[in-house]
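Visitor: Sequence unavailable; structure follows:
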């Protein structure tokens with residue numbers, strides 16, 4: 001068989017009629033992969049940790065003072081200093097360090113005084129922690145469809161609005177800002193607050209303003225794959241002093257410790273005894289580590305943006321894929337590269353990229369228990385079949401099934417980015433060759449039938 005003829009291996013049968021040459025043969029089909037070293041991701045150690053960060057954590061360990069509420073005044077504790085640094089960075093009035101981004105989300109809802117059992121709207125494309133936090137707060141997630149760029153669809157929310165919805169949780173998913181202007185206008189019309197799940201977008205901005213500061217409160221994570229990394233952890237930011245006070249008590253400020261968070265006056269709530277204590281605090285070791293990392297956050301953000309822009313520019317004109325678009329120029333973090341494969345072969349596309357040495361996943365794959373796909377949130381749909389769940393949000397289902405997601409660590413080199421670009425082009429070319437051959441065979445069949 002000549003090199004430019006049809007290969008009949010198992011991989012080629014997945015894409016019937018693929019024409020490949022020795023140079024372009026996919027690794028999925030036995031060809032040489034673009035790269036052979038593992039794709040850098042946080043769980044393989046591809047994180048930004050500087051010796052200064054290590055020393056900061058060791059300083060906290062050597063102090064033997066690991067609990068944020070000890071004999072020291074709050075401005076001398078690692079947590080207190082970290083919260084003050086966050087207020088300066090986000091230009092906000094209050095910040096509260098927490099045990100996770102999930103708990104920060106739940107605290108925001110509970111501290112806003114939303115009654116248990118209320119509906120909280122959130123998009124169908126998010127991490128399972130978003131609806132989980134709503135449930136943790138005693139409320140019920142109200143799922144909303146998404147548009148072709150995977151942003152919460154305000155038109156869908158408006159069309160299905162019910163007075164039982166008492167808040168909107170926008171998610172800046174995979175680092176892309178939601179349409180805050182449209183969401184805030186709609187929320188104002190409905191007289192409900194907006195909460196920002198900015199967990200996947202720490203440091204990203206929209207129109208020069210940091211995500212997490214548009215709504216009533218914003219929540220962030222410092223888990224290992226986030227812009228700040230303490231393994232686990234998170235924080236809440238807000239300008240609402242009463243919400244902050246209630247969130248602080250709920251997080252675990254007991255027996256008058258709330259006053260430490262209001263050194264210039266009395267707290268704006270009458271008592272801290274009306275609220276339960278949920279022990280969602282951050283410890284001193286994590287806070288020390290995060291304080292050190294925060295000083296170099298601009299460097300890491302620049303690396304995210306540099307890598308993303310390089311890859312997106314190089315692939316902008318590639319046929320057969322459609323790159324996710326932001327709601328405004330520059331309104332993204334750059335920690336993930338997502339594109340649509342409109343012809344229905346996104347699962348194959350992601351598989352082919354993995355064989356080329358690029359970590360990728362089809363967000364809506366039926367063979368992947370990806371908890372960013374809403375139909376895998378079985379805790380919300382007891383007794384329902386998957387097909388019926390997917391029908392609840394038809395656009396989210398369709399767009400996720402077409403979406404390929406590639407993580408972009410801030411540690412990527414230009415060589416890594418070049419590998420990604422080459423791999424996507426290689427797979428896209430193979431896909432285009434398949435479609436061309438399919439069209440040719442279809443035309444031949446039609447002509448033969450006419451004869």
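Guide: Right, received. Where do you want to start? If you're wondering where the values come from, they're calculated on a predicted model, not measured in any experiment. Numbering: from 1, shown residues only.
Visitor: which helices and strands does the helix or strand containing residue 306 pack with?
Guide: Using DSSP states H and E, residue 306 sits within helix 297-315. Where contact means 3 or more C-beta pairs under 8 Å, 6 or more residues apart in numbering; DSSP states H and E, helix 297-315 is packed against strand 336-340, helix 414-450. Backbone N, C-alpha and C define where each C-beta goes, glycine included.
Visitor: Now with 6 Å, please.
Guide: helix 414-450 (3 or more C-beta pairs under 6 Å, 6 or more residues apart in numbering; DSSP states H and E).
Visitor: And the strands in the stretch 1-150 of the chain, which stretches?
Guide: With DSSP state E, counting those that start in this stretch as the criterion, the stretch 1-150 of the chain has strands at 94-98, 119-123, 140-144.
Visitor: Need these in TSV (columns: mean neighbour count and mean pLDDT).
Guide: Shown next, in TSV, are the strands of the stretch 1-150 of the chain (neighbours: other C-beta atoms under 10 Å; pLDDT from 0 to 100):
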stretch	mean neighbour count	mean pLDDT
strand 94-98	26	98
strand 119-123	25	98
strand 140-144	21	98
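Visitor: wait, which of those strands is closest to residue 231?
Guide: strand 94-98 (13.9 Å; C-beta to C-beta).
Visitor: Now the phi/psi pair for residue 166, please.
Guide: For residue 166, the backbone dihedrals are phi -110, psi 0 (criterion: degrees, to the nearest 10).
Visitor: Tell me if I'm right that it and residue 112 touch.
Guide: No. Assessed by C-beta atoms under 6 Å, residue 166 is found out of contact with residue 112, at 8.8 Å.
Visitor: Quick check: closest non-adjacent residue to residue 219.
Guide: Spatial nearest neighbour of residue 219, chain neighbours left out: residue 104 (3.7 Å); criterion: C-beta to C-beta, 6 or more residues apart in numbering.
Visitor: got a list of what the one you found touches?
Guide: 98, 219, 234-236 (C-beta atoms under 6 Å, 6 or more residues apart in numbering).
Visitor: I'd like to check which residues are in contact with residue 427.
Guide: Residues near residue 427 by C-beta under 6 Å, 6+ apart: 349, 352-353.
Visitor: among the residues you listed, which are in helices?
Guide: 349, 352-353 (DSSP state H).
Visitor: Dump those residues into a markdown table; add pLDDT as well.
Guide: Below are the ones in helices among the contacts of residue 427 laid out as a markdown table (pLDDT from 0 to 100):
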| residue | pLDDT |
| --- | --- |
| 349 | 98 |
| 352 | 98 |
| 353 | 98 |
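Visitor: What is the nearest of the contacts of residue 427 to residue 311?
Guide: Out of these, the member with the shortest distance to residue 311 (by C-beta to C-beta) is residue 353, at 12.7 Å.
Visitor: residue contacts, the closest one?
Guide: 360, 423, 427.
Visitor: tell me the contacts of the first one?
Guide: Contacts of residue 360 were listed using C-beta under 6 Å, 6+ apart, and they are 350, 353-354, 404, 406.
Visitor: where does the stretch 301-450 of the chain have low pLDDT?
Guide: Along the stretch 301-450 of the chain, the parts satisfying pLDDT under 70 run over 436-450.
Visitor: please redo it, this time with the cut-off set to 50
Guide: Across the stretch 301-450 of the chain, the ranges flagged by pLDDT under 50 are 443-450.
Visitor: how many neighbours does residue 74 have?
Guide: When neighbours are defined as other C-beta atoms under 10 Å, residue 74 has 18 of them.
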